[in-house]
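Participant: sequence unavailable; structure follows:
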(Lines give C-alpha, C1' and ligand atoms only; values in the text may rest on other atoms or scores of the structure.)
Protein backbone atom coordinates (compact mmCIF):
# COMPACT_ATOMS: atom_id res chain seq x y z
CA UNK A 1 0.00 0.00 0.00
CA UNK A 2 1.17 3.62 -0.56
CA UNK A 3 3.18 4.90 2.42
CA UNK A 4 1.14 7.44 4.36
CA UNK A 5 -2.11 6.75 2.47
CA UNK A 6 -5.34 5.74 4.21
CA UNK A 7 -8.63 4.29 2.95
CA UNK A 8 -10.83 7.17 1.89
CA UNK A 9 -13.24 6.87 4.85
CA UNK A 10 -10.36 7.02 7.36
CA UNK A 11 -8.73 9.85 5.44
CA UNK A 12 -11.96 11.87 5.49
CA UNK A 13 -12.30 11.42 9.25
CA UNK A 14 -8.70 12.54 9.82
CA UNK A 15 -9.19 15.44 7.43
CA UNK A 16 -12.13 16.53 9.61
CA UNK A 17 -9.86 16.17 12.68
CA UNK A 18 -11.93 13.27 13.97
CA UNK A 19 -10.79 9.79 15.07
CA UNK A 20 -9.96 7.62 12.06
CA UNK A 21 -12.56 5.06 13.12
CA UNK A 22 -15.48 7.49 12.81
CA UNK A 23 -17.97 6.30 10.21
CA UNK A 24 -19.16 8.57 7.41
CA UNK A 25 -22.67 8.54 8.90
CA UNK A 26 -21.24 9.79 12.20
CA UNK A 27 -19.26 12.53 10.44
CA UNK A 28 -22.03 13.90 8.23
CA UNK A 29 -25.28 12.56 9.64
CA UNK A 30 -27.68 10.00 8.20
CA UNK A 31 -29.84 12.45 6.23
CA UNK A 32 -26.98 14.10 4.28
CA UNK A 33 -25.52 10.67 3.44
CA UNK A 34 -28.90 9.41 2.21
CA UNK A 35 -29.38 12.58 0.16
CA UNK A 36 -26.00 12.09 -1.55
CA UNK A 37 -26.65 8.42 -2.35
CA UNK A 38 -30.25 8.86 -3.53
CA UNK A 39 -29.85 12.05 -5.56
CA UNK A 40 -28.84 10.31 -8.86
CA UNK A 41 -32.15 8.42 -8.88
CA UNK A 42 -34.31 11.52 -8.41
CA UNK A 43 -36.21 12.31 -11.61
CA UNK A 44 -37.22 15.98 -11.89
CA UNK A 45 -40.99 16.49 -12.38
CA UNK A 46 -42.33 17.42 -15.79
CA UNK A 47 -43.08 21.13 -16.26
CA UNK A 48 -46.70 21.55 -15.16
CA UNK A 49 -47.68 25.15 -15.97
CA UNK A 50 -50.84 24.84 -18.17
CA UNK A 51 -50.14 28.03 -20.17
CA UNK A 52 -46.64 26.89 -21.04
CA UNK A 53 -47.95 23.42 -21.88
CA UNK A 54 -50.49 24.97 -24.28
CA UNK A 55 -47.82 27.08 -25.92
CA UNK A 56 -45.61 24.03 -26.27
CA UNK A 57 -48.48 22.23 -28.03
CA UNK A 58 -48.92 25.22 -30.35
CA UNK A 59 -45.21 25.10 -31.16
CA UNK A 60 -45.52 21.40 -32.01
CA UNK A 61 -48.50 22.07 -34.32
CA UNK A 62 -46.61 24.86 -36.05
CA UNK A 63 -43.58 22.64 -36.54
CA UNK A 64 -45.73 19.85 -38.05
CA UNK A 65 -47.46 22.32 -40.35
CA UNK A 66 -44.11 23.53 -41.66
CA UNK A 67 -42.99 19.98 -42.32
CA UNK A 68 -46.12 18.43 -43.84
CA UNK A 69 -48.29 21.17 -45.36
CA UNK A 70 -47.57 22.72 -48.73
CA UNK A 71 -47.20 26.45 -48.11
CA UNK A 72 -45.76 29.48 -49.81
CA UNK A 73 -42.67 31.27 -48.66
CA UNK A 74 -44.54 33.96 -46.70
CA UNK A 75 -46.73 31.47 -44.83
CA UNK A 76 -43.70 29.36 -43.96
CA UNK A 77 -41.82 32.42 -42.75
CA UNK A 78 -44.76 33.48 -40.55
CA UNK A 79 -45.06 30.02 -39.05
CA UNK A 80 -41.32 29.89 -38.43
CA UNK A 81 -41.50 33.25 -36.65
CA UNK A 82 -44.43 32.04 -34.54
CA UNK A 83 -42.57 28.83 -33.78
CA UNK A 84 -39.43 30.71 -32.69
CA UNK A 85 -41.38 33.06 -30.39
CA UNK A 86 -43.39 30.26 -28.80
CA UNK A 87 -40.30 28.12 -28.25
CA UNK A 88 -38.54 31.05 -26.58
CA UNK A 89 -41.51 31.60 -24.27
CA UNK A 90 -42.59 28.05 -23.55
CA UNK A 91 -39.53 25.97 -24.25
CA UNK A 92 -37.28 27.06 -21.40
CA UNK A 93 -38.82 24.75 -18.73
CA UNK A 94 -38.65 21.82 -21.15
CA UNK A 95 -35.08 22.58 -22.13
CA UNK A 96 -34.17 22.71 -18.43
CA UNK A 97 -36.03 19.45 -17.80
CA UNK A 98 -34.25 17.63 -20.63
CA UNK A 99 -30.88 18.96 -19.51
CA UNK A 100 -31.49 17.95 -15.90
CA UNK A 101 -32.87 14.56 -16.91
CA UNK A 102 -30.17 13.53 -19.31
CA UNK A 103 -27.14 15.42 -18.04
CA UNK A 104 -27.81 14.21 -14.48
CA UNK A 105 -27.42 17.63 -12.88
CA UNK A 106 -29.45 17.42 -9.71
CA UNK A 107 -27.06 16.63 -6.89
CA UNK A 108 -27.75 18.50 -3.64
CA UNK A 109 -25.73 21.63 -2.98
CA UNK A 110 -23.49 22.08 0.02
CA UNK A 111 -26.14 24.32 1.56
CA UNK A 112 -28.79 21.63 1.02
CA UNK A 113 -26.64 19.04 2.80
CA UNK A 114 -25.73 21.42 5.61
CA UNK A 115 -29.44 22.02 6.19
CA UNK A 116 -29.93 18.28 6.68
CA UNK A 117 -27.05 17.88 9.17
CA UNK A 118 -28.07 17.08 12.70
CA UNK A 119 -25.74 19.44 14.58
CA UNK A 120 -23.05 22.10 14.19
CA UNK A 121 -20.21 19.54 14.03
CA UNK A 122 -21.87 17.65 11.18
CA UNK A 123 -22.57 20.93 9.38
CA UNK A 124 -18.88 21.77 9.57
CA UNK A 125 -17.97 18.29 8.36
CA UNK A 126 -20.23 18.78 5.31
CA UNK A 127 -18.15 21.84 4.50
CA UNK A 128 -14.99 19.80 5.04
CA UNK A 129 -16.32 17.13 2.64
CA UNK A 130 -16.65 19.76 -0.10
CA UNK A 131 -13.11 20.95 0.47
CA UNK A 132 -11.84 17.35 0.58
CA UNK A 133 -13.56 16.61 -2.73
CA UNK A 134 -12.16 19.74 -4.36
CA UNK A 135 -8.61 19.04 -3.23
CA UNK A 136 -8.80 15.47 -4.53
CA UNK A 137 -10.22 16.62 -7.86
CA UNK A 138 -7.47 19.22 -8.28
CA UNK A 139 -4.70 16.73 -7.47
CA UNK A 140 -3.70 18.59 -4.29
CA UNK A 141 -4.09 15.33 -2.31
CA UNK A 142 -2.43 12.18 -3.66
CA UNK A 143 -5.17 9.72 -4.56
CA UNK A 144 -4.66 6.04 -5.32
CA UNK A 145 -6.77 3.23 -6.70
CA UNK A 146 -5.96 -0.15 -5.12
CA UNK A 147 -7.29 -3.09 -7.12
CA UNK A 148 -8.52 -6.34 -5.49
CA UNK A 149 -5.26 -7.97 -6.63
CA UNK A 150 -3.29 -5.37 -4.68
CA UNK A 151 -1.92 -3.32 -7.58
CA UNK A 152 -1.71 0.39 -6.86
CA UNK A 153 -2.28 3.22 -9.31
CA UNK A 154 -1.75 6.93 -8.62
CA UNK A 155 -4.72 8.83 -10.08
CA UNK A 156 -3.87 11.97 -12.01
CA UNK A 157 -5.37 14.28 -14.61
CA UNK A 158 -8.62 13.03 -16.15
CA UNK A 159 -8.75 10.10 -13.73
CA UNK A 160 -9.59 12.64 -10.98
CA UNK A 161 -12.42 14.35 -12.89
CA UNK A 162 -15.01 11.92 -11.50
CA UNK A 163 -14.52 13.31 -7.98
CA UNK A 164 -15.50 16.83 -9.07
CA UNK A 165 -18.25 15.61 -11.44
CA UNK A 166 -21.96 15.48 -10.64
CA UNK A 167 -22.50 13.10 -7.71
CA UNK A 168 -18.74 12.66 -7.24
CA UNK A 169 -19.26 12.78 -3.48
CA UNK A 170 -20.50 9.19 -3.75
CA UNK A 171 -16.91 8.03 -4.31
CA UNK A 172 -15.98 9.46 -0.91
CA UNK A 173 -18.80 8.03 1.17
CA UNK A 174 -19.61 4.65 -0.40
CA UNK A 175 -17.56 1.56 -1.24
CA UNK A 176 -20.42 0.06 -3.26
CA UNK A 177 -19.51 -0.03 -6.96
CA UNK A 178 -23.21 0.01 -7.90
CA UNK A 179 -23.38 3.46 -6.29
CA UNK A 180 -20.29 4.59 -8.22
CA UNK A 181 -21.83 3.63 -11.57
CA UNK A 182 -24.46 6.34 -11.06
CA UNK A 183 -21.72 8.93 -11.65
CA UNK A 184 -21.78 10.00 -15.29
CA UNK A 185 -18.09 10.99 -15.54
CA UNK A 186 -15.56 8.41 -16.72
CA UNK A 187 -13.15 6.88 -15.99
CA UNK A 188 -14.01 5.69 -12.50
CA UNK A 189 -11.41 4.24 -10.09
CA UNK A 190 -10.83 0.53 -10.68
CA UNK A 191 -10.39 -0.34 -7.02
CA UNK A 192 -10.57 0.93 -3.46
CA UNK A 193 -9.70 4.60 -3.02
CA UNK A 194 -6.79 5.53 -0.76
CA UNK A 195 -5.77 9.10 0.09
CA UNK A 196 -2.42 10.47 1.26
CA UNK A 197 -3.33 13.56 3.29
CA UNK A 198 0.27 14.63 3.78
CA UNK A 199 -0.78 16.18 7.10
CA UNK A 200 -3.54 18.29 5.50
CA UNK A 201 -6.68 19.09 7.51
CA UNK A 202 -9.85 20.88 6.49
CA UNK A 203 -9.74 24.64 6.35
CA UNK A 204 -13.15 24.56 8.01
CA UNK A 205 -11.20 23.51 11.11
CA UNK A 206 -9.72 27.00 11.09
CA UNK A 207 -9.83 28.79 14.45
CA UNK A 208 -8.54 32.06 15.86
CA UNK A 209 -5.65 30.10 17.36
CA UNK A 210 -4.53 28.66 14.02
CA UNK A 211 -4.57 32.16 12.49
CA UNK A 212 -2.58 33.57 15.41
CA UNK A 213 0.03 30.81 15.06
CA UNK A 214 0.34 30.91 11.23
CA UNK A 215 4.14 30.87 10.66
CA UNK A 216 4.10 32.28 7.11
CA UNK A 217 3.44 36.03 7.32
CA UNK A 218 2.53 36.38 3.63
CA UNK A 219 0.09 33.46 3.89
CA UNK A 220 -1.37 34.97 7.06
CA UNK A 221 -1.90 38.34 5.37
CA UNK A 222 -3.57 36.63 2.39
CA UNK A 223 -5.97 34.78 4.65
CA UNK A 224 -6.84 37.80 6.80
CA UNK A 225 -7.50 39.92 3.69
CA UNK A 226 -9.67 37.18 2.17
CA UNK A 227 -11.71 36.72 5.37
CA UNK A 228 -12.24 40.47 5.74
CA UNK A 229 -13.33 40.87 2.10
CA UNK A 230 -15.80 37.96 2.30
CA UNK A 231 -17.18 39.29 5.60
CA UNK A 232 -17.82 42.73 4.11
CA UNK A 233 -19.40 41.19 0.99
CA UNK A 234 -21.81 39.31 3.25
CA UNK A 235 -22.72 42.36 5.30
CA UNK A 236 -20.58 41.31 8.26
CA UNK A 237 -18.46 44.46 8.29
CA UNK A 238 -18.98 44.71 12.02
CA UNK A 239 -19.54 42.21 14.79
CA UNK A 240 -17.66 39.21 16.14
CA UNK A 241 -15.81 38.35 12.92
CA UNK A 242 -14.27 41.76 12.23
CA UNK A 243 -13.60 42.53 15.90
CA UNK A 244 -12.03 39.09 16.24
CA UNK A 245 -9.68 39.80 13.32
CA UNK A 246 -8.57 42.97 15.10
CA UNK A 247 -7.73 40.92 18.21
CA UNK A 248 -5.79 38.39 16.13
CA UNK A 249 -3.79 41.18 14.48
CA UNK A 250 -3.06 42.66 17.91
CA UNK A 251 -1.81 39.27 19.16
CA UNK A 252 0.61 39.04 16.22
CA UNK A 253 2.00 42.54 16.85
CA UNK A 254 5.79 42.60 17.46
CA UNK A 255 5.20 44.03 20.95
CA UNK A 256 3.00 41.05 21.82
CA UNK A 257 4.40 37.98 20.07
CA UNK A 258 6.54 35.71 22.16
CA UNK A 259 5.35 37.12 25.48
CA UNK A 260 3.31 35.09 28.00
CA UNK A 261 -0.36 35.82 27.43
CA UNK A 262 -1.06 37.20 30.90
CA UNK A 263 1.86 39.64 30.63
CA UNK A 264 0.97 40.56 27.05
CA UNK A 265 -2.58 41.72 27.87
CA UNK A 266 -1.65 45.42 28.39
CA UNK A 267 0.24 45.43 25.08
CA UNK A 268 -2.72 43.80 23.33
CA UNK A 269 -5.04 46.47 24.67
CA UNK A 270 -2.60 49.20 23.59
CA UNK A 271 -2.54 47.85 20.04
CA UNK A 272 -6.31 47.35 19.71
CA UNK A 273 -8.19 50.23 18.11
CA UNK A 274 -11.85 51.09 18.42
CA UNK A 275 -14.08 49.76 21.23
CA UNK A 276 -12.03 47.67 23.61
CA UNK A 277 -12.88 43.97 23.83
CA UNK A 278 -13.39 42.43 27.24
CA UNK A 279 -10.65 40.36 28.85
CA UNK A 280 -12.94 37.35 28.52
CA UNK A 281 -13.27 37.72 24.73
CA UNK A 282 -9.54 38.29 24.28
CA UNK A 283 -8.85 35.15 26.33
CA UNK A 284 -11.32 33.11 24.24
CA UNK A 285 -9.70 34.35 21.02
CA UNK A 286 -6.28 33.44 22.39
CA UNK A 287 -7.48 29.90 23.15
CA UNK A 288 -9.21 29.54 19.76
CA UNK A 289 -12.54 28.93 21.46
CA UNK A 290 -14.74 31.97 20.84
CA UNK A 291 -17.98 30.50 19.42
CA UNK A 292 -19.34 33.77 18.00
CA UNK A 293 -16.16 34.36 15.97
CA UNK A 294 -15.87 30.78 14.77
CA UNK A 295 -19.55 30.51 13.82
CA UNK A 296 -19.23 33.62 11.64
CA UNK A 297 -15.90 32.39 10.24
CA UNK A 298 -17.22 28.95 9.30
CA UNK A 299 -20.22 30.48 7.55
CA UNK A 300 -17.79 31.72 4.87
CA UNK A 301 -16.91 29.47 1.89
CA UNK A 302 -13.62 28.37 3.46
CA UNK A 303 -12.90 25.84 0.72
CA UNK A 304 -11.83 28.91 -1.30
CA UNK A 305 -9.56 30.25 1.47
CA UNK A 306 -5.97 30.89 0.28
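Facilitator: Okay, I see it. The structure presented is a predicted model; accordingly, all values stated were derived computationally and were not measured.
Participant: the most centrally placed residue in the chain is in what secondary structure piece?
Facilitator: Among the residues of the chain, the one closest to the centroid is residue 130, at 3.6 Å (CA atoms, centre = their mean). Assigned by DSSP states H and E, residue 130 falls within helix 120-138.
Participant: likewise residue 243?
Facilitator: Short version, using DSSP H and E: residue 243 is in helix 240-251.
Participant: same for that helix, what does it pack against?
Facilitator: helix 208-212, helix 217-233, helix 261-271, helix 279-287, helix 291-298 (3 or more CB pairs under 8 Å, 6 or more residues apart in numbering; DSSP states H and E). Quick note: C-beta positions are derived from backbone N, CA and C, even for glycine.
Participant: what do you get if the cut-off is 6 Å, keeping everything else the same?
Facilitator: helix 208-212, helix 279-287, helix 291-298 (3 or more CB pairs under 6 Å, 6 or more residues apart in numbering; DSSP states H and E).
Participant: just for the stretch 101-250 of the chain, where's the confidence low?
Facilitator: 101-105, 237-238 (pLDDT under 70).
Participant: please repeat the previous calculation with a cut-off of 80.
Facilitator: Applying pLDDT under 80 to the stretch 101-250 of the chain flags residues 101-106, 199, 203-205, 235-238.
Participant: so what's the gap between the helix holding residue 243 and the chain middle?
Facilitator: Centre-to-centre, helix 240-251 and its host chain are 26 Å apart (CA atoms, centre = their mean, to the nearest Å).
Participant: that one vs helix 217-233, what angle?
Facilitator: Interaxial angle, helix 240-251 versus helix 217-233 (axes from the mean of the first three to the mean of the last three CA atoms, to 10 degrees): 160 degrees.
Participant: if we can go back for a sec, other SSEs contacting the helix holding residue 130?
Facilitator: The contact analysis (3+ CB pairs under 6 Å, 6+ apart) places helix 120-138 against helix 24-28, helix 110-116, helix 161-164.
Participant: could you dump these into TSV and include distance to residue 139?
Facilitator: Below are those laid out as TSV (distance: least, CB to CB, whole Å):
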stretch	distance to residue 139
helix 24-28	23
helix 110-116	21
helix 161-164	10
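Participant: is residue 250 in contact with residue 270, as I believe?
Facilitator: No. Applying CB atoms under 6 Å, one finds residue 250 not in contact with residue 270, separated by 8.6 Å.
Participant: give me the more crowded residue out of the two.
Facilitator: Neighbour count, other CB atoms under 10 Å: between residue 250 and residue 270, residue 250 has more, with 22 against 12.
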